[in-house]
Every structure is written in structure tokens, then in C-alpha cells.
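**Q** Kindly return the folded structure for what I paste below:
(chains A and B)
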Amino acid sequence: MCGIVGIYLKTKKFEKKLGKMLSGMLNNMESRGPDSAGFAVYTNSDKKEYKYSLCINNLDFTKFKKDISKKIRNLKLNQYSDHIIVKTPEIPKKFIKLINKEFPEVSIVGYGRSIEIFKQVGNPKDVVKKFNLESFSGTHGIGHTRMATESAITTDGSHPYSTGEDECLVHNGSLSNHNNLRRELKKKGNTFTSENDTEVAAGYVSNSLANNNSLKNTLVSGLKDLDGFYTFIAGTRKGFAVVRDEIACKPAVIAETKNYVAIASEFQAMAHLPDVNNAKIFEPEPGIVYSWGN
Amino acid sequence: MKLDLKKLKLRKVNEQLQNIDRKINDRNFTIINPEGNHAVCAGLTEELNINIKGHVGYYCAGMNQKANITIEGNVGTGVAENMMSGKVHVKGNASQSAGATAHGGLLVIDGDASSRCGISMKGIDIVVKGSVGHMSGFMSQAGNLVVCGDAGEALGDSLYETNIYIRGRVRSLGADCVEKKMDIKHIKKLNLLLKKANIKNHKAENFKRYGSAKKLYNFKIDNISNY
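**A** Numbering: from 1, shown residues only, chains lettered A, B, ... in the order given. Predicted coordinates for the structure are as follows:
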């Protein structure tokens, strides 16, 4: 099963409430995915620095802070339970290499100039609370509640998957050609950290975006290349999109008002959103990519 | 009687509707704040008039018998699935598999219905004022599916005895589904259904009828090489 949710703000009106809106959506999707949950929040940032979302697992935060401060001088750390947001001008290539070499127990959940990303095993309500999602503000956000089918219940197997700068993807469904596609993408230079099918879809999107394709065109070609059942919600720094495969077994409903676009597996996920009863509510058609922003 | 799903648990509301108090014998109910809940008004067996104010989730009015249920909003997957009798009226849009496997009664959808509308229907009459998505009428066995708008791909795939009436464009027909002649009896039946659904702006003569070519009913030895 799995539940997916997303919200894209068309105006500034609800920016401070984004976290609250998204957390309500995730809480209401517990019935579709009680195993793990995760979310990505995008903020409008013109700063030059990068934000790295790390999961330090069982590592002690004070020790990590002390050790990493020795390696990188210019950095700020914010702790949210076992996740740390590291803000630094250090470029991704260098930073990721350093983390992988010096802190093997730390996993990099995602990075970019705008994205902050959190995911963990457990009931969505607990995960949302643990990372204090309600306090977040931002421009758009994506979330996922997981009922594991294709791989184990682990943090690495949780969504969203982020395989490129400011990119993320959540998935309801299963892919049947992920092993082949993973091999092909590895040849093209993509790296994968799990056996999960969704990570392959995220890698596919990253690969296409890196070749200067738009998010919309990437998902259009994905309809041809990704075999299986899916509803995807994908996010980039300024973009937001949803697509269902052509059989459309996996549900999705969109509610659009003048202030926001919300997407969820089921309407009950967004029943609490402001003015939702006056929203334009529709199901995304099979095989059609819907996108906002760029 | 007014039932508020924000205050009452869904199970409580359904239990009350399934076991009405015969001493009071109030048969008119309004349900407020459905908030996308699943299985609202499932399994009703009595003559009741129910008005649901808002959007509901999956399997609304499933297995309905005799009750007359109106939803002032959209419905999720499988509205009126396996309905036996009664009437379900959706004022908004319906998600996939509307009226699935239903044996009887009338389902009216004012908006559009998405994929697999009337899948495996077994006697229900479904009237959709808008359009239906792909694979509608899939393996449908009996009853009537009326669509005032368009139909998506593979309409009526592998159907049996259901009559499908479409006013608009059909993107493609499914296996063994063919256009059939509209006889007087079909026009009469369709006019009756349009009247029941309170549709005044469409005439039966403007619809096309689709049904089974019945070529899949028996195994053909010529196809043996395909197996």
C-alpha cells in the first residue's frame, strides 16, 4: 500500500504553516503505511550555503559535532532527534566524501540549498512528532508513509528518496524492472544505497535532470522506462510534480485552491486543509504528468 | 437526525444506521463532516433517506439494500460496490470502480467517474452524467451502464450481458465489445433510466449502445496455438 502526500504553495499565505499542513496529511495516512515515514521540506533560500540532511543513527551528537567541527570550520548544526541538518558552504562532492570516509555510521539522507529531509522507521505520528515537522515553514513539501513490500523496514528503505541536489521522490506502488534499470544507471555513474525500487526511480529522475531535462519531461519519459505500478510525487528546488502509471491502480487525488495544490493517496489526508471544501478536487488522469513551478 | 462524524466514531454511525430504533422510527438522516472517511453508510438494509454533506472515502454505501443515499461531494474508490437495491446519488465525482460487482439498485453520478466504472456489475443500473475512465464495464455481467459524456480506453472489455450506452466519444473498445443496434426496447429502457436519474437535456436517440459480440463465450479451437 503506502500513503503519499505533497503540498505546493502557490502564494506566500501558508508558508509558515507548511509543516503543520504536511504533518496533518502524514498523520492521516497512517492507515496506509504504519511501518515508516518521512518527509522533505523545501524553503526559499537564496543563501550560497548547502544544507546536508544526515541521520547519525546511534552516534552521539556531541561527539559527532566535536569531530566534524575539527574537519570543517565553517558549519552550523541543527539537531532533530537522530537527524542533523548541517549548514556549510562546503561543496557536496567534498562533504559527502568526507562523511563517507570519516563517519561510516552516518547516512546522508539528502542535500541541497533548499531541501531538508527526514525519515525514520516507526508510526508516522511518532516520526512527525520526533522531527517536530509542525514547526517547519517552507514553499513545498512531500511526505510518505510506508507499508513495506519490496525491501526491509529500515531507514534506508524509507521514503522520500533523494538522489540529487534538492531532489526527492516518493512512491506508492512497486516497480518490476528496477534491477535492470539500477544496473543501467550504475553504468551511467549513479550510486545507490539500498535495494529499494523507489531509489531506482529517484536515480532515474536525477540522471535525467542532470542531462538538463525538465522535471515534467523526465516523468513523461519515465512512463516509458519505468515498468510497474506507481503514483510518484517528485520535488525539485522550484518544482513539484505528480504522475500515475497508465493502469492507474494506485490512487491519487489533487485539491487545488488559489493558495496551494495538495496531493494525497486519499482525500482523508487533506480533509483538514484550509478551505479544502471549496478547492477544485480531481484525480490525476493515468499517464499524465501534472507539474507546478519549474 | 443529524450525525456528526467529527464527534461520533464511524463504526457507531454505521451501527446506528444498520439498526434503526423502531420506536422512534426516524428514517431521515444527515451525516456531516465525513472528511474522507471510508465505508460510510456501508451495509445498510432498510429504507432510509441519508444525506451526506461532504467528501467521502472508499466503499461508501457498499452492499446497500433499500436505502436512498445522497452524497453532496466526491466519493473514493468503490462507491455502492456490491449494492443490491436502493439508490446512491453522488453529486460530485467518483473515483475508480464505482458500482463494482453490484447486483441491483441505481447509482447516479453527477460528475465524472474514473477508471473501471461498473467493473463486474451484475444487475445494477449506473448513470454517469459526466465521463468515465478506462476499462469501464470490464467483465460486466448484467445491468445498464449509461454515460452522458465520453468513455476511456478499453470500454466493456470481456463483458457479458450488460448494455452500455454512451453519448460521447469512446476512446477504444475492449476485447469482445462491439457497437450494437438500438432497438425500440433499448430506447425505452434508456429513456426510463434518464428519467430516473432526472436527466432532461439528453435524448436516448443520441446514445450509442455497446454490448458483447459473444465471441469469448466459448473456447475456439482455432486459438489453441495462443495457449
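**Q** Quickly note the distance from the residue of the stretch 151-294 of chain A found nearest chain B to B:G36.
**A** Going by CB to the nearest CB, chain B is nearest to A:Q268 of the stretch 151-294 of chain A, at 3.1 Å. For every residue, glycine as well, the C-beta is placed using N, CA and C. Note on A:Q268: its distance to B:G36, by CB to CB, to the nearest Å, is 3 Å.
**Q** residues shared between the contacts of these two?
**A** B:G57 (CB atoms under 8 Å, 6 or more residues apart in numbering or on different chains).
**Q** Need phi/psi at the residue of the stretch 151-294 of chain A closest to chain B.
**A** phi -60, psi -20 (degrees, to the nearest 10).
**Q** What is the burial count for it?
**A** 25 (other CB atoms under 10 Å in any protein chain shown).
**Q** Please apply the same query to the one 4 residues further on.
**A** Other residues near A:H272 number 15, with proximity taken as other CB under 10 Å.
**Q** same thing with A:I72?
**A** Count around A:I72 with other CB under 10 Å applied: 14.
**Q** contacting residues for it?
**A** A:88, A:90, A:95, A:98.
**Q** Buried only: go through those for me.
**A** A:88, A:90, A:95 (16 or more other CB atoms under 10 Å in any protein chain shown).
**Q** Next one: the nearest residue in space to the second one that is not next to it in sequence relative to A:K94, how far apart?
**A** By the measure of CB to CB, 6 or more residues apart in numbering or on different chains, the closest residue to A:E90 outside its immediate chain neighbours is A:I72, 5.6 Å from it. Spatial separation of A:I72 from A:K94 under the definition CB to CB is 9 Å.
**Q** One more: A:W292?
**A** On the measure of CB to CB, A:W292 and A:K94 end up 33 Å apart.
**Q** Of those two, which one has the most company?
**A** Neighbour count, other CB under 10 Å: between A:W292 and A:K94, A:W292 has more, with 20 against 11.
**Q** Now do the SS call for that one.
**A** Under the three-state scheme (DSSP: H, G, I helix; E, B strand; the rest coil), A:W292 adopts strand.
**Q** Pairing partners for it in the sheet, please.
**A** As for beta bridges, A:W292 partners with A:F240 under DSSP bridges.
**Q** Show the model's pLDDT score for B:V132.
**A** On pLDDT, B:V132 comes in at 98.
**Q** what does A:D82 give?
**A** So A:D82 comes in at 94 (pLDDT).
**Q** what about stretch A:21-28, distance to the chain center?
**A** 14 Å (CA atoms, centre = their mean, to the nearest Å).
**Q** Could I get the contacting residues of B:A204?
**A** With CB under 8 Å, 6+ apart, B:A204 has these contacts: B:165, B:182, B:186-188, B:190-191, B:194.
**Q** re the thing from before, the contacts of A:I72 in helices, which ones?
**A** A:95, A:98 (DSSP state H).
**Q** The nearest residue to A:P34 once chain neighbours are set aside: neighbour count?
**A** Setting aside the residues directly before and after it, A:P34 is nearest to A:N123 in space (CB to CB, 6+ apart), at 5.8 Å. For A:N123, the neighbour count with other CB under 10 Å is 16.
**Q** same check, this time on B:L145
**A** 31.
**Q** Surely it is within a helix?
**A** No - per three-state DSSP, B:L145 lies outside any helix segment and is strand.
**Q** what's across from it in the sheet?
**A** If you apply DSSP bridges, the partners that B:L145 bridges to are B:I126, B:I164.
**Q** Could I get the contacting residues of it?
**A** B:117-118, B:121, B:126, B:128, B:132, B:136-137, B:162-165.
**Q** Give the helix, strand or coil label for residue 190.
**A** All of this is about chain A. Classification of A:N190 using three-state DSSP returns coil.
**Q** I was thinking of chain B, sorry if that wasn't clear
**A** helix.
**Q** how about the residues of chain A near chain B?
**A** A:248, A:251, A:253, A:266-272, A:277, A:281-283, A:285-286 (CB under 8 Å from any CB of the partner chain).
**Q** try 6 Å
**A** A:248, A:266-268, A:271, A:281, A:283 (CB under 6 Å from any CB of the partner chain).
**Q** Relative to chain A, how far out is the closest residue to B:K2 other than its chain neighbours?
**A** Among residues not flanking B:K2 along the chain, B:T30 sits closest, at 5.0 Å (CB to CB, 6+ apart). From B:T30 over to chain A the distance is 16 Å, taken as CB to the nearest CB, to the nearest Å.
**Q** what bridges to B:T30?
**A** For B:T30, the beta-bridge partners under DSSP bridges are B:K2, B:N51.
**Q** wait, doesn't it sit right on B:M1?
**A** No - using CB atoms under 6 Å as the test, B:T30 is too far from B:M1 to be in contact (7.4 Å).
**Q** Contacts only, for A:Q268.
**A** A:28, B:36, B:57 (CB atoms under 6 Å, 6 or more residues apart in numbering or on different chains).
**Q** pLDDT score for B:K181?
**A** 97.
**Q** Helices along the stretch 101-250 of chain A, start to end?
**A** A:124-130, A:178-187, A:197-210, A:215-225 (DSSP state H, counting those that start in this stretch).
**Q** center of chain B - which residue?
**A** Closest residue to the average C-alpha location of chain B: B:G99 at 3.4 Å, with CA atoms, centre = their mean.
**Q** Kindly indicate whether that residue is helix, strand or coil.
**A** coil.
**Q** and whichever residue of chain B sits closest to chain A, what element?
**A** Here chain B gets closest to chain A at one residue, B:G36, 3.1 Å apart by CB to the nearest CB. With elements taken from DSSP states H and E, nothing contains B:G36; it lies in neither a helix nor a strand.
**Q** hang on, the earlier thing: just flag the most distant two among the contacts of B:A204.
**A** Greatest spacing in the contacts of B:A204, by CB to CB: B:M182 and B:L194 (13.6 Å).
**Q** neighbour-wise, which of these two wins?
**A** B:L194 (21 against 17).
**Q** SS state for that one?
**A** Assignment for B:L194 (three-state DSSP): helix.
**Q** Ramachandran coordinates for the residue nearest to A:P34?
**A** Here A:N123 shows phi and psi, under degrees, to the nearest 10, equal to phi -60, psi 140.
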